[in-house]
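Visitor: Sequence plus the predicted model coming up.
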Amino acid sequence: MGEYPVARGLTIGHEPVGAIEKLGSAVRGYSEDQRVISGPICTSGHSNAALCGCHAQDGPGTKHGWKGMGGWKFGNTIDGSQAEYVLVPDAMANLAPVPDGLSDEQVLMCPDILSTGFSGAESGAVRVGDAVAVYAQGPIGLCATAGARLVGATKILAVECVPARMDLRRCASRP
């Protein structure tokens, strides 16, 4: 099966962007036809792992609520977003509305790439005035560079050897 424990036959895709077709009876705060995104980490919001802030380890069905890769559900343990319809588990914990005026293309990277990059600055506890290094300036690295800048890093060393990525990095790291 490779690096990740993906079950055979699942639909792939883990960056859902779309409109709500049907709401579950317990879902509040959202409406049908509302445009939303959801990340690939679909936390239950109430397991021990989720309550400790470790949403990616939210392993339902375990006695203690922790499971490696437990929270990464889309395309891993349930059908992913490259399908006509997608069931979002625990929707109130996992959906985010798309603001009016933004296209699907403008928000496509928010559910995974952008949030992964920005969480690097958060996990690294980057603070105003810090100097940081970000290795590789692909999509996630660029978002980590931008995230470090947004939280106040004043010196960012972006390490990259691909010339085209080096040009993009200059834009992401500028104040």
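Guide: Here it is on my side, so go on. This structure is a prediction, so every number in the text was calculated from the model and none was measured. Numbers count the residues shown, from 1 in each chain.
Visitor: From Gly120, how far off is the residue nearest to Asn48 when sequence neighbours are not counted?
Guide: Of all residues not flanking Asn48 in the chain, Gly65 sits nearest, at 3.5 Å (C-beta to C-beta, 6 or more residues apart in numbering). Where C-beta positions appear, they are placed from N, C-alpha and C, glycine not excepted. When C-beta to C-beta, to the nearest Å is applied, the distance between Gly65 and Gly120 equals 25 Å.
Visitor: Check Tyr135 too.
Guide: 10 Å.
Visitor: Comparing those two, which residue is more hemmed in?
Guide: Counting neighbours by other C-beta atoms under 10 Å for Tyr135 and for Gly120 shows that Gly120 has the greater number, 18 against 10.
Visitor: buried sites along the helix or strand hosting the more buried one?
Guide: Using DSSP states H and E, the secondary-structure element containing Gly120 is helix 115-123. Within helix 115-123, the residues that count as buried by 16 or more other C-beta atoms under 10 Å are 115-118, 120-121.
Visitor: and if you look at stretch 145-158?
Guide: If you call a residue buried by 16+ other C-beta under 10 Å, then stretch 145-158 has these buried ones: 145-149, 151, 153, 156, 158.
Visitor: So which of those residues sit within strands?
Guide: Secondary-structure check on the buried residues of stretch 145-158 using DSSP state E: residues within strands are 156, 158.
Visitor: From the buried residues of stretch 145-158, pick the one nearest Arg28.
Guide: Distance ranking of these against Arg28, using C-beta to C-beta, places Gly147 first at 30.5 Å.
Visitor: Gly124 versus the closest one, what's the distance?
Guide: Taken as C-beta to C-beta, the span from Gly147 to Gly124 is 9 Å.
Visitor: before we move on, the earlier item: would a markdown table of the buried residues of stretch 145-158 with pLDDT and distance to Leu95 be doable?
Guide: Written out in a markdown table, the entries for those read as follows (pLDDT from 0 to 100; distance: C-beta to C-beta, whole Å):
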| residue | pLDDT | distance to Leu95 |
| --- | --- | --- |
| Thr145 | 91 | 28 |
| Ala146 | 91 | 24 |
| Gly147 | 93 | 22 |
| Ala148 | 95 | 27 |
| Arg149 | 93 | 28 |
| Val151 | 93 | 25 |
| Ala153 | 96 | 30 |
| Ile156 | 92 | 32 |
| Ala158 | 87 | 33 |
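Visitor: and which of the buried residues of stretch 145-158 is nearest to Arg8?
Guide: Of all those, Arg8 sits closest to Gly147, with 35.4 Å by C-beta to C-beta.
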